[in-house]
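*Asks:* predicted coordinates and the sequence they were generated for:
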Amino acid sequence: MLQTEILRDAADFVRMWDEVGRLRAVCGLKDDVTLCPLHFLATTNPARRSCSVACWRGPQLVGVMYATSQRVLGVDTGYAISGDYMGRGSLLCRREDEAEVTEACVSAMFAAGTHSLHIRHLPRSRGAALLEGYAVRCLDAEVPGDRMVLGTSYDEFLSRLGRHTRRNVRYYTRKAEEAGIAFAPELSKEEYAAGVERLNRAADFPAEAMRLRCDERLMALHGGGRRMGLRRPDGALVAVLCGFRRGDRFHLLTQLNDAGYRWLSLSPVLRGLAVEQLIATGHRELQFLGGTSLFFGRFCVPERYRSILVDRKRGLAAAGKRVCSWVIDSLGGPGAPIPVTLEMLCGVFLDERRLLRRTALGPAAVAYGRSGTEPPKLAASRAAVAAAAAEKSLRAV
């Protein structure tokens, strides 16, 4: 049986820094920055506090689940998330320890006050944790990934795209140039901040202040980062993006586009020009950190993604969530929008279509649908439990 401890702050991680480094090396995950404690801590803030768990077998560290507890107005909601949208930065452990580490971490978090947990990760094991005694929903499917091979030349990169996408990149880039839009490969921190301030008023999907502060912390952590953009003739920025380099991989953090220029499809224009610049400066891979790209996602390396939603099965909180979920679906149906916090707190008791939209499987269904393949479906939790039981019995032999 594994021993566990909750990791609340940087000091807790510092105590086991060497052990985490050795475990990352043993697991072959040194190149995944999302599993570095410093990177994880840079993504936390007053609304997202660490409630990570370390698992020990005697003196040996065998696993870490990075997780954050969500807070509203300074009050802990009891809802926790492990892993980013694409499932990175969640579980650090060996393949054979995955189910056991997951079970131990869930037990530790729920014993410490968590009542609802969403684990998003990229499993290396086919089995799943048993999680007996909890209400569980498991979503498991192959999805378009978040890492894209760039190649050694821009022509090679374009050749990897589908014919329609390749034509669109070239066509809209030419239209943007004809409209006087110029590529800015290096923006200063001040230029970028001014551009973001303007674009947040003009974008379809503005970036929250906490996300922008997180971007700056991550770029500072990883060597200062890089900021690029598109300028119109008067010098105003109509699109920007930022990210940082680790090895030969560029990690893209945030992109904002002026919605008034939809006719120019600024997103693929900026990404195409950015890729050309990145290849010229020695980058060979692009990672959409914390998400995927609807435009380029189909050309990323596919990943096996697993989303596990866990709640207490009994008690007043579980009963309240069941009633709340029933009321939500009765009043507006599974397609009606509800506050994000309320959706989080209802956990596994929500309609399956709502659960699907809260994971990387929602956009995956759209992307795979375009290629004519069957979209991923929500797997019954009993199927995951059966697979876990089979794997556990093999481990016991």
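*Replies:* Received the coordinates, thanks. Numbers count the residues shown, from 1 in each chain.

*Asks:* ramachandran coordinates for the closest residue in space to G291 that isn't next to it in sequence?
*Replies:* Once flanking residues are discounted, G291 sits nearest to Y85: 4.9 Å by CB to CB, 6 or more residues apart in numbering. Placement of C-beta: from N, CA and C, glycine included. Here is the backbone geometry of Y85 (degrees, to the nearest 10): phi -60, psi -40.

*Asks:* hang on, isn't Y85 packed against L289?
*Replies:* No - assessed by CB atoms under 8 Å, Y85 is found out of contact with L289, at 9.5 Å.

*Asks:* give me the more crowded residue out of those two.
*Replies:* L289 (25 against 18; other CB atoms under 10 Å).

*Asks:* list the contacts of the more buried one.
*Replies:* Residues in contact with L289 (CB atoms under 8 Å, 6 or more residues apart in numbering) are 34, 84, 88, 146, 243, 251-253.

*Asks:* just those: which are in helices?
*Replies:* Using DSSP state H, no member of the contacts of L289 falls in helices.

*Asks:* where in this protein is pLDDT low?
*Replies:* Where the chain drops to pLDDT under 70, the residues are 292, 294, 332-335, 362-397.

*Asks:* domain map for it?
*Replies:* What automatic domain parsing lists as the domains of the chain is 3-141+303-396, 147-299.

*Asks:* next, give phi and psi for N45.
*Replies:* Phi and psi for N45, reported as degrees, to the nearest 10, are phi -160, psi 180.

*Asks:* do the same with Y154
*Replies:* The phi and psi values for Y154, taken as degrees, to the nearest 10, are phi -70, psi -40.

*Asks:* quick one, strands of the stretch 151-300 of the chain?
*Replies:* With strands called from DSSP state E, counting those that start in this stretch, the stretch 151-300 of the chain shows them at 182-184, 226-231, 237-246, 249-257, 285-288.

*Asks:* in the first one, what counts as buried?
*Replies:* Meaning strand 182-184. For strand 182-184, the neighbour count (16 or more other CB atoms under 10 Å) marks 183-184 as buried.

*Asks:* for that strand, enumerate the helices and strands it packs against.
*Replies:* strand 226-231, helix 266-280 (3 or more CB pairs under 8 Å, 6 or more residues apart in numbering; DSSP states H and E).

*Asks:* most tightly packed of the ones you listed?
*Replies:* Of all the helices and strands packed on strand 182-184, strand 226-231 has the most neighbours on average by mean count of other CB atoms under 10 Å, namely a mean of 24.

*Asks:* coming back round to it: make CSV out of the helices and strands packed on strand 182-184 and add distance to R167.
*Replies:* Putting the helices and strands packed on strand 182-184 into CSV (distance: least, CB to CB, whole Å) gives the following:
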stretch, distance to R167
strand 226-231, 20
helix 266-280, 11
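
*Asks:* those: which one's closest to P46?
*Replies:* Between P46 and these, the shortest gap by CB to CB is with strand 226-231, which sits at 25.7 Å.
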